[in-house]
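> Fold the following and give me the result.
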Amino acid sequence: MKEARILAASGKDYAKLIAVWESSVRATHHFLSEKDIITYRSLILNEYFDQVQLYAIEVEEKLMGFIGINGESIQMLFIHPDARGKGFGKRLIDFARKAHHVYMVDVNEQNEQAVGFYKKLGFTTFERSEVDGAGKPFPILSMALKA
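You can find the predicted model right below:
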C-alpha cells in the first residue's frame, strides 16, 4: 500500500468529506434515524465544516478519513468504513496532538466503538451532556488525554 498523506482540506473538498462522513455515520451511528442523518448532513455542510480546521488522510488520492479541529479539541473524526481498523484514525489523532496540541474530544456516548477507540488511546471522560451541540437527545462525552 502507498503511504498515507495528511493534507489540509477546504471548501473544495466538502463533497468528498461529507461522503466519508455519511458512510461512516451509517456504519457506526445506529442510534440516528434517517431524518437525523439528513439534518446533521445539512448542519455539517452549511455550518460545522466552516467552524473547524479540516485535515484529510489520503492514500493514492483516495480519501480514507478526516479530522476537524477547533482549538485544543477534536470536533469530528470520521473514517470511511472500508478504511477502518487500518490505523488512519490514530494517525489523524497523532497528527492533531503533535501539530495542534489537541488533547480533548467530544464523542457520542451511543457510539460505543468510538468511545472504546478513544479510551484505548488514553482518553478519559471528564464530563457528560444529555444533549449534543444541536440540542438533540444524543448524550455527549467530553474526554481528555490523561496527564
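
> okay, and for this structure, where does confidence drop off?
Counting by pLDDT under 70, the chain shows low-confidence ranges at 1, 147.

> Walk me through which strands the strand ranked longest in the chain pairs with, and which way each runs.
For the chain, the longest strand by residue count, based on DSSP state E, is strand 62-70. Here strand 62-70 is paired, per DSSP bridges, with strand 53-59 (antiparallel), strand 73-79 (antiparallel).

> Point out the most buried one among those.
Most buried of the strands paired with strand 62-70 by mean neighbour count (mean count of other Cβ atoms under 10 Å) is strand 73-79; its value is a mean of 22. The way it works is simple: take the backbone N, C-alpha and C, and place the C-beta from them, glycine included.

> quick one: that one to chain centroid distance?
Distance of strand 73-79 from the chain centroid (Cα atoms, centre = their mean, to the nearest Å) equals 2 Å.

> now for the top helix by length along the chain, which elements pack on it?
The residue-count maximum for a helix in the chain (DSSP state H) belongs to helix 14-28. Using 3 or more Cβ pairs under 8 Å, 6 or more residues apart in numbering; DSSP states H and E, the elements in contact with helix 14-28 are helix 34-46, strand 53-59, strand 62-70, strand 73-79.
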